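*Asks:* sequence and predicted structure below; questions after.
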Amino acid sequence: MSYPTPGAYQEAVQFPESAFTDPILREAEPEETVLGLPRAITGAFAVVFPLVSRGARWAVKCFVTDVRDQESRYRAVAEHLLAVDLSYTVPFDYQEGGIEVEGERYPILKMEWIEAEALNAYVARHRDDEGAMDDLIARWRRMVQALEEAEIAHGDLQHGNVLVEDDGGLRLVDYDTMLVPALWGRKSPEVGHRNYQHPDRDEHHSGPYLDRFAALVVDTGLRAVAARPDLWERYDTGENLLFRSSDLIDPDGSALFEELHRIDALADQVDALRRACYLPPEQIPPLELVVSNVDVVPDAHRRETVPREEKDAFERFIYPISAAILAVVALTQVVDSVAIALLVAVVGVAGVGLWGWTRYRKLPFVHRARRLAREDAYFQQLLGSLRDEVQRLEKRSRETLDSHASRREERLDELRDEALNEKLKYHFIDEAGEFDGITHKVIVRLKASGIRTAEHATPGEVGAIVQMSDASKTRVNLWRAGLVSQYRDEVPDALSPAEERRLQRSLDRELEQVDAELGRLRKQISLQEEEHAEIAERRSELDVPSYAEFLSEWLRPSSWTR
């Protein structure tokens, strides 16, 4: 299924009464940007619009990418959340065909808008408040434990999806990657924020363990900021909680890990996180066990190659023997049936290939290569969208400047009309009877139509009167035109200094808003370009053997008996 672009959704949301099927959303008013368009919060797979309706705010998620089993996933999540009833989650309504865009209907997700602060913004404000930070860490651990006990894996625990309410309570949003028991084993539609997720996580990782690494990253980051608030100034990028993906991929070479390890109160947990970076995601223990005993995280080292000595017993002994048996069977069949021999050989080769491919795809460096490729594609798409938005804002800035002269003329016309109408409203319609050809009957018709003064007797109002001849209408228009001509010299022919200043202030405010938005976007682009460059560098440095190279190494006879 092909989905609309964020821009197409934005155009549709401008007119909620015709775009949505939900009665509450049909009455909603979208929040607007400086361009006067509905405010859109874009992500990799969807765009979210904040709307206000019936005194409440709503978040409407519109999908831009087709996600397999999307409806069934949301149904399973909704049922499980309703059953466990946690205070950390927000009820939502998945509406198939909830929005119409260019004549076609598409699904939406409607959720109550949570009035709260993103986790990283809350930390930035309270990092010097020891009590607030300690409370946040305690709340974080309780939430993570509650999710574990309720058999829920959010799948993308990160600053933007964890909100802190005014009373310090935590709420989770964005359930695209959420897993519940009914979804264990299903491929994930995305792999979470790069600065929080395990370096080897890919779409095949699915289970109750999925949040454990991210939970440990956040917990360690919170503890680090609480112990050393000055770390925030040096390591915050606006897209992390101290740690970046480069730290998690290579903790032994990370300046942040080295600095945190020197904090005595934090050293043990930092070391546990370092070891977790080298473990397979499914082997990481729950956060509550790690913080109570960091030794539950076993030691491990990143494997960049495929050492022959790591072959298991099957691969080292049983597989070669099985392969030899297949070969003997194939040869003995030659006498009786070449076709059967060929079939046995093909089945044997296919079995070896399938076994090897399964093994190859599970290797850590292969996981990492696939993840980096996805991140590279994501950044290209994100940067393209951000640059398009910059171009739209720059165009709006130029149009605003170009329209300044026309705005002055429009305002002058408004003031001239106001001054003229101030004169015309004192000329009552009875005066028109003195104009040649305008009879008393015409005056009565005019009054019956609500035209009491020359101010009201515009050509449009007069032309709309049905029971009046065209000749009479023309005479009334001539009468009014004579009055307009009489007062021509008494209306302003230029804006007053006060009006000029008001228009200039309005122009300056609009340009300031656009410039502020442009500054924010350009800063975001700069940060994303740095992240993208790091990903490109890591991809170039990652020496990933092809499947053929791996299979050749794996099948080397010299390694079978090691």
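*Replies:* Yes, it's here.

*Asks:* CA only for contacts and neighbour counts going forward, please
*Replies:* Noted.

*Asks:* next one: Cys62 from Glu96, what distance?
*Replies:* Look at Cys62 and Glu96: by C-alpha to C-alpha, to the nearest Å, they are 11 Å apart.

*Asks:* now do the helix or strand Lys61 falls within: everything it contacts.
*Replies:* Lys61 belongs to strand 56-63 when assigned by DSSP states H and E. Strand 56-63 has contacts (C-alpha atoms under 8 Å, 6 or more residues apart in numbering) with 3-4, 9, 45-52, 107-113.

*Asks:* mind giving me the ChimeraX select for those, buried ones only?
*Replies:* The buried residues among these can be selected in ChimeraX (16 or more other C-alpha atoms under 10 Å) with this line:
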select :3,4,9,46,47,48,49,50,51,52,107,108,109,110,111,112,113
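
*Asks:* return the subset of the contacts of strand 56-63 lying in strands.
*Replies:* Assigned to strands by DSSP state E, the following of the contacts of strand 56-63 qualify: 46-52, 107-112.

*Asks:* how far out from the middle of the chain is the lengthiest helix in the chain?
*Replies:* The residue-count maximum for a helix in the chain (DSSP state H) belongs to helix 497-541. Counting by C-alpha atoms, centre = their mean, to the nearest Å, helix 497-541 is centred 18 Å from the centre of its parent chain.

*Asks:* which SS class is the closest residue to Arg68 other than its chain neighbours?
*Replies:* The shortest distance from Arg68 to any non-neighbouring residue, by C-alpha to C-alpha, 6 or more residues apart in numbering, is to Pro189 (7.5 Å). Secondary structure state of Pro189, per DSSP: H, G, I helix; E, B strand; the rest coil, is coil.

*Asks:* residue contacts, Pro189?
*Replies:* Contacts of Pro189 (C-alpha under 8 Å, 6+ apart): Val67, Arg68, Asp176, Thr177, Glu203.

*Asks:* what about it, distance to Ala40?
*Replies:* Counting by C-alpha to C-alpha, the gap from Pro189 to Ala40 is 22 Å.

*Asks:* looking at this, Gly221 is in a strand?
*Replies:* No - counting by three-state DSSP, Gly221 is not found in a strand; it is helix.

*Asks:* isn't it up against Phe243?
*Replies:* Yes - using C-alpha atoms under 8 Å, Gly221 is in contact with Phe243, at 7.1 Å.

*Asks:* and the helix or strand in which Arg234 is found, how far out from the chain middle?
*Replies:* Taking DSSP H and E as the criterion, Arg234 maps to helix 231-235. For helix 231-235, the separation from the chain centroid amounts to 25 Å (computed by C-alpha atoms, centre = their mean).

*Asks:* and it, what other elements does it pack with?
*Replies:* helix 212-227 (3 or more C-alpha pairs under 8 Å, 6 or more residues apart in numbering; DSSP states H and E).

*Asks:* and with 7 Å instead?
*Replies:* Using 3 or more C-alpha pairs under 7 Å, 6 or more residues apart in numbering; DSSP states H and E as the contact test, no helix or strand touches helix 231-235.
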